[in-house]
Every structure is written in C-alpha cells, then in structure tokens.
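**Q** Quick check, what structure comes out for this input:
(chains A and B)
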2 protein chains.
Amino acid sequence: MAAIPTDLLDLLERPLYAHLATTRPDGTVQVSPMWFDWDGERLRFSITTTRQKYRNVQSHPHVAASISDPENPYRFLEVRGVVEEIEPDPSSPRRADHPVLHQDMIAHLNKHMARVVPAAIE
Amino acid sequence: MAAIPTDLLDLLERPLYAHLATTRPDGTVQVSPMWFDWDGERLRFSITTTRQKYRNVQSHPHVAASISDPENPYRFLEVRGVVEEIEPDPSSPRRADHPVLHQDMIAHLNKHMARVVPAAIE
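**A** Residues are numbered from 1 along each chain as shown, chains lettered A, B, ... in the order given. All right, here's what the predicted structure looks like:
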C-alpha cells in the first residue's frame, strides 16, 4: 500500500469529495465527483449496482481519485488504486425489511461500497 | 459535438478548474485538477510535453473532465471527449526569443494546448 504524505492527509480526513476516474468497458475514461470515506488504509466509495460506474469497476478495477483543497486548488492529492472488493453497504436497508419496494428503496438496496487500495500517490 | 446543457454552461465559463482524467500507456487511469479554457466549442488544457499527461493523451486520446460548482458539489458537469489536436501554446515564449534558456523557460517552451472536442456530456 502506498503511503499518503502526512501534509496532505487532511484532504482524506475532511468532508471533501473526490473526482473518481474509472474506465468504461470500451476502454474510455469517465470521471465524476463522489463522496468517500477514508478508514486510514482504504478509500470507500458508495456505488450503485445499476449504474455505469459499477459496470466500469467490474470490467476495469484500476481507478484514480483526485481530491483538492477548496481553499487552494494547487494543493491536491491523486490516489491511484485497485478496487479490492465491492461489498453491500451496511448503511443500506435490507430487502427483508422492506417487503413493499419503491423505486428509491430499490436504488438504496443496490448501493454497495467499493474499497480502493491506494497503489500510487501523486 | 455534444451540446452543453445551458443550465450548466456557467461551469465552463467561470474560472473553475477541471479534474482531467486520462489513460496511462499501461491502460490505467490518472486524474488531477487542471485549469482550462472554453472557447464555446472546445475545452483547452495547457499541458507540458515533458509530463506524464502528455504521454497519456498521445497513447490514449480519449479523456474526461469533471467540473463541479464550488458552492454546490451536486451540481457538476462531466465532459468526455477526444483530444483533437495538440498545438504549441501561443502564450508560451518562443525559443528564438530566448537564446539563453533556463530550466523554467524550457518548461514554458514545452507547454502545449490540448484541444478536446466534447463527445458526451453527463
């Protein structure tokens, strides 16, 4: 695992969002802002199994995230890594608890967490 | 050329920066914040020929840019497109004007503009 420079660690610990770049099944890139969690070792992104980004990380598990300081855009962190595992989001309601499913609940049920292991930092 | 939604056009016209995602020669993604210009048809990024991003767009001309509203991160624009041309940056000093080159001048001389044609907007 690549070490995060200590002087930029706040960018992972503050409630900022990352611009997550993934590769589409056809090999072209895609990037959009996403909230994330940092547990000290892994970046965790909440992704929905019905969305393009989920299909992307299944076909191409290498991803990259760019996080910049809102007060100083020259101060930023790029984390490149590999999606280690995609697991059901524990904060998402379980199907059994919701026998009558509305569209927004289904969207919620499809939420998974993608764990990204940092491999390179710039 | 894909049309930019008029209600998000300000994100291209304001002095914001884009998180530009490119693909490295080995096929993995890279993303970092960059200033850009928008001329109404093309996104223009200033890139340095000695840097990784230049090598990336030469091997993989498909790129994606994510630009979000600093006041509202849920308001964002993703532009995917193809680098149409990489041309010398007209704002960069010419070699002939600087017979004695210092390292920072050389870096300046290597600056080129990559013109990106929007192909898909999300």
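**Q** tell me the centre residue of chain A?
**A** A centroid search over chain A (CA atoms, centre = their mean) returns residue A:45, at 2.6 Å, as the residue closest to the centre.
**Q** For that residue, give me phi and psi.
**A** Phi and psi for residue A:45, reported as degrees, to the nearest 10, are phi -120, psi 140.
**Q** And for residue A:10?
**A** For residue A:10, the backbone dihedrals (degrees, to the nearest 10) come out as phi -60, psi -30.
**Q** And the pLDDT at it?
**A** pLDDT recorded at residue A:10 is 93.
**Q** got it, and the one 5 residues further on?
**A** The predicted local confidence for residue A:15 comes out at a pLDDT of 90.
**Q** tally of neighbours for it?
**A** 7 (other CB atoms under 10 Å in any protein chain shown). From N, CA and C alone the C-beta is placed, and that goes for glycine too.
**Q** What strands line up against the helix or strand harbouring residue A:77, and which way round?
**A** Using DSSP states H and E, the element containing residue A:77 is strand A:72-88. According to DSSP bridges, strand A:72-88 forms sheet pairs with strand A:62-69 (antiparallel), strand A:111-121 (antiparallel).
**Q** Tell me the gap between that strand and the middle of its chain.
**A** 7 Å (CA atoms, centre = their mean, to the nearest Å).
**Q** Over to stretch A:65-75?
**A** 17 Å.
**Q** Name the residues that touch that stretch?
**A** A:8, A:11-12, A:16-21, A:36, A:43, A:76-81, A:116, B:17, B:19, B:31-33, B:70 (CB atoms under 8 Å, 6 or more residues apart in numbering or on different chains).
**Q** For that stretch, buried residues please.
**A** By 16 or more other CB atoms under 10 Å in any protein chain shown, the buried positions in stretch A:65-75 come out as A:65-69.
**Q** And for stretch A:36-56?
**A** Counting neighbours by 16+ other CB under 10 Å, one finds that the buried residues in stretch A:36-56 are A:36, A:38, A:42-45, A:47-48, A:53-54, A:56.
**Q** pLDDT of that stretch, averaged?
**A** The model assigns stretch A:36-56 a mean pLDDT of 84.
**Q** Is there proximity between that stretch and chain B?
**A** No: under the criterion of CB under 8 Å from any CB of the partner chain, stretch A:36-56 makes no contact with chain B; the nearest approach is 8.7 Å.
**Q** end-to-end on that stretch?
**A** End-to-end distance for stretch A:36-56, by CA to CA, to the nearest Å: 17 Å.
**Q** What of stretch A:40-54?
**A** With CA to CA, one end of stretch A:40-54 sits 23 Å from the other.
**Q** Run the chain-centre distance for it.
**A** 4 Å.
**Q** again with stretch A:23-31
**A** On the basis of CA atoms, centre = their mean, stretch A:23-31 sits 15 Å off its chain's mean C-alpha point.
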